[in-house]
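Asks: Could you look at this predicted model? Sequence included:
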Amino acid sequence: MKRTFRNILLTLCAVAMMAGLSWAETLKVGVQAPITGSYANEGQGIENAVRLLAAQINADGGVMGKQIEVIPCDDQGTAMAAAICAKELVNKGVSMVIGSYTSTAAEAAQKTYFDAKVLQTSDGTADGLTEKGYWTFLRNSFPNSAEAVFAANYMVNVKAYKNIAVISDFSSYATGLAESTVAEIKKAGGNVITYAKIKADSQNFTPVLTNIKSKNPDAIFFAGYYSDGGQLRAQQVALGIKADFIGGDANDNPDFAKLAGSAAKGAFIINVPSPELLPYDVAKDFLKNYEATYGMLPPSIWTLMNADGMRAIVHGMEQTKSFDTKKVADYLMSMEKPLPGITGPLQFAKDGNRIGSSYMTFEIQGDNSYKVVHAQ
Amino acid sequence: MDIFLQQLANGLTIGSIYALVALGYTMVYGVMKLINFAHGDMVAASAFVGLTIYTQVLGQSTSLIAVVIIFLLSAVAMACVGVLLERLAYRPLRQAPRLSAVVSALGASLMIQNGIMLIWGPQMRIFPELIPQIYWDLGGVVVSLIQVIILALSLILMVALYLFVEKTRMGAAIRASAIDQDASRLMGINVDKVIALIFIIGSSLGAVAGLFIGLYYRGITFNMGWQYGLYAFVAAILGGIGNIPGAMFGGMLLGLFQAFIAGYVSSTWADAFTFILLILILIVRPTGLLGERVAEKV
């Protein structure tokens, strides 16, 4: 009797150990992205990209023998849902989180990941994201301040607009970009006639635009997301405002032109090169695989930026031969030679910012395709 | 002056959409004393139904007849959903305490919202440009064809509804049921039929509003019904809930109010002022601007 009891105990122990081992054998990768809501197609793009990379890495034997397990969480692009996601992903034991798409959601989750020593990589461009001293955060895109310099130079010096109206929504990203752009325009000697704010998703922007119309701007710079940008452009044209429309990077999504309809033609969008313009072999391979797997191209460059973030962290783990996130972060933030990325050379500064940026201005053509009209 | 007139035109356009939605709330409340929270989501659903009719049934034809067919089919489809909703979610609870019916309405709202998400997906769907982008510049005030259509069609529908309720026998039955359901039954009015009828009318008007939103703003999301529902609900209370001309008036008033606040004060504050207005009205005239002071029935 005693012996059977001992045997049972031993078996239980063995089972528990095996369970523990197989549990430890996967490398858990969280995806925090807006999978539903207004930015859903961006969120789904990020999840798709992470799953694709994970499948490729797993097929090659995983990360130092560990298979990647992808755990998605929908933050709807909001701070509230993001905070819940962060706790959930940490509880599930992820060692890195890819996302989120919006700066607001990335910011709301940052502290939780920092406290849990979980690496986070986001395309959020708000400058504030890297100003908090969290070593866990790696920005896989370029900060607003860099874009603001390019945008201001383009509007004031290249296009020689005299009067510029700036519009943003209330998110961290949009206000950050709008405020830096206003400052840069002034620095470049341009004139900001008004800085107006809209509520994201509210659809009816004509009251704000009507006010702007009375000030006769030469250009309207919109810092905000494509789901509002497309409608804003359509309503601008409908109100007969002749000004040029210049959208910040988050307007770079095929839905912008669809929402604006016939008004899309002639709108300008400023962003880093779009996926099909990337000259790198890594990029061409990734796009080919993405299209073969999902039957469509990624919604925008942000999908690829986040994929690069994940590739960087995996690269860091392999180089340091460690799953210790602190070691990986230290390595990534002091790499001497950049890692060839999908979106260009990948290298990070000490504060987690990505180094080196190249912006372009696209003009939307009649068939909704982009034409590069100015490059850095 | 130009800005004023332009804001007026903007306000009337959005106001007539609010008014159409508010009619659905107010008619149901008038007869059943129930706030049909699912109404806003029905409006959203109609935009998605219209989009599907366009892509699947009409093969993306953009003629005027196609637009008319989309309106008719969506209105019929939503009227069916409305009747079904009343049958399944509200009729079994008609004798239950009012709170049960309100909870049922909230449940129906979530069910429709999530139903839209499951059928059409969580991402924003984009309406085609069915109405050509034609604009007229009337001395500084720009009015578009779609704005004219929204305003004209809404006014026609509202006048027709008003005449129907005031001048026909069915209309008299609706008014009688709103005053006293038991007495109406004793007078030979089939109250169940009346309730089905108001759900048909309310849902079809909501369907038209949903299509207007799709045609005017073009981007539709599964959860947009909540926002329009909330504004229309406020509009219905402003005009006096249960009062049909009140809902029309309240909708237009709210549209204009929001346009002027956003235009002259700040768009940041448009929502805050909307609800401040609501609170003020509830304090000063609890029955709404056009509502009559009626004693609570026991």
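Replies: Received it, and whenever you're ready, just let me know what you need.
Asks: what about stretch A:344-351, how long is it end to end?
Replies: Start and end residues of stretch A:344-351 are separated by 20 Å (CA to CA, to the nearest Å).
Asks: What residues sit buried inside it?
Replies: Under the neighbour-count criterion of 16 or more other CB atoms under 10 Å in any protein chain shown, stretch A:344-351 has A:344, A:346-348, A:351 buried. Where you see a C-beta, it was placed from the backbone N, CA and C, and this is true even at glycine.
Asks: swap in stretch B:169-189?
Replies: Under 16+ other CB under 10 Å, the buried positions of stretch B:169-189 are B:171, B:173-178, B:181, B:184, B:189.
Asks: How about stretch A:207-216?
Replies: By 16+ other CB under 10 Å, the buried positions in stretch A:207-216 come out as A:207-213.
Asks: Kindly reformat the residues you listed as CSV containing secondary structure and pLDDT.
Replies: Output for those, formatted as CSV (DSSP: H, G, I helix; E, B strand; the rest coil; pLDDT from 0 to 100):
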residue, secondary structure, pLDDT
A:P207, helix, 88
A:V208, helix, 90
A:L209, helix, 91
A:T210, helix, 89
A:N211, helix, 88
A:I212, helix, 90
A:K213, helix, 89
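Asks: Make TSV from those and add distance to A:K132 to it.
Replies: Below are these laid out as TSV (distance: CB to CB, whole Å):
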residue	distance to A:K132
A:P207	36
A:V208	32
A:L209	36
A:T210	39
A:N211	36
A:I212	34
A:K213	40
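Asks: quick check, nearest of those residues to B:L197?
Replies: Closest approach to B:L197 among the buried residues of stretch A:207-216 (CB to CB): A:P207, at 37.2 Å.
Asks: quick one, what contacts the closest residue in space to that closest one that isn't next to it in sequence?
Replies: In space, and not counting its chain neighbours, A:P207 is closest to B:A262: 3.4 Å by CB to CB, 6 or more residues apart in numbering or on different chains. With contacts defined as CB atoms under 8 Å, 6 or more residues apart in numbering or on different chains, B:A262 is in contact with A:204, A:207-208, B:270.
Asks: Tell me the residues of chain A that contact chain B?
Replies: Counting by CB under 8 Å from any CB of the partner chain, chain A comes close to chain B at A:35-38, A:40-41, A:44, A:170, A:196-199, A:201-204, A:206-208, A:210-211, A:213-214, A:227, A:230-231, A:234, A:237-240, A:255, A:258-259, A:261-263.
Asks: which of those residues count as buried?
Replies: Neighbour-count burial (16+ other CB under 10 Å) applied to these gives A:35-38, A:40-41, A:44, A:196-199, A:201-204, A:206-208, A:210-211, A:213, A:227, A:230-231, A:234, A:237-240, A:255, A:258-259, A:261, A:263.
Asks: Now do B:A66, the pLDDT please.
Replies: Looking at B:A66, its pLDDT is 88.
Asks: thought it was touching B:L130?
Replies: Yes. Shown here, B:A66 and B:L130 form a contact pair, counting by CB atoms under 8 Å, at 7.4 Å.
Asks: Determine the residues that are contacts of both of the two.
Replies: Joint contacts of B:A66 and B:L130 (CB under 8 Å, 6+ apart) are B:Y54.
Asks: What about the buried residues of stretch B:169-189, which are in helices?
Replies: Of these, the ones assigned to helices by DSSP state H are B:171, B:173-178, B:181, B:184.
Asks: For the residues you listed, work out which two are farthest apart.
Replies: B:G171 and B:Q181 (16.3 Å).
Asks: doesn't A:A54 fall inside a helix?
Replies: Yes. Under DSSP: H, G, I helix; E, B strand; the rest coil, A:A54 falls within a helix.
Asks: pLDDT score for the residue nearest to A:W302 when sequence neighbours are not counted?
Replies: Using CB to CB, 6+ apart and skipping residues adjacent in sequence, the residue nearest A:W302 is A:D123, 4.7 Å away. pLDDT, A:D123: 93.
Asks: A:D123 touches A:A307, doesn't it?
Replies: No. Using CB under 8 Å as the test, A:D123 is too far from A:A307 to be in contact (10.1 Å).
Asks: More neighbours: these two, which one.
Replies: The residue with more neighbours, out of A:D123 and A:A307, is A:D123; 31 against 28, by other CB atoms under 10 Å in any protein chain shown.
Asks: Paired strands for the lowest-mean-pLDDT helix or strand in chain B, with orientation please.
Replies: Every helix and strand of chain B was ranked by mean pLDDT, DSSP states H and E. The lowest is strand B:135-138, at a mean of 86. In the sheet, strand B:135-138 lines up against strand B:141-144 (antiparallel) (DSSP bridges).
Asks: gap between the strand it pairs with and the chain center?
Replies: 24 Å (CA atoms, centre = their mean, to the nearest Å).
Asks: Break down the stretch 1-150 of chain A into its strands, ranges please.
Replies: A:26-33, A:67-74, A:96-98, A:119-122, A:137-139 (DSSP state E, counting those that start in this stretch).
Asks: Direction included, what does the last one pair up with?
Replies: The reference is to strand A:137-139. Using DSSP bridges, strand A:137-139 pairs in its sheet with strand A:119-122 (parallel).
Asks: Please list the outside residues in contact with the strand it pairs with.
Replies: For strand A:119-122, the surrounding residues in contact (CB under 8 Å, 6+ apart) are A:95-101, A:103, A:106, A:109-110, A:113, A:129, A:136-140, A:306, A:309-310, A:312-313, A:325, A:328-329.
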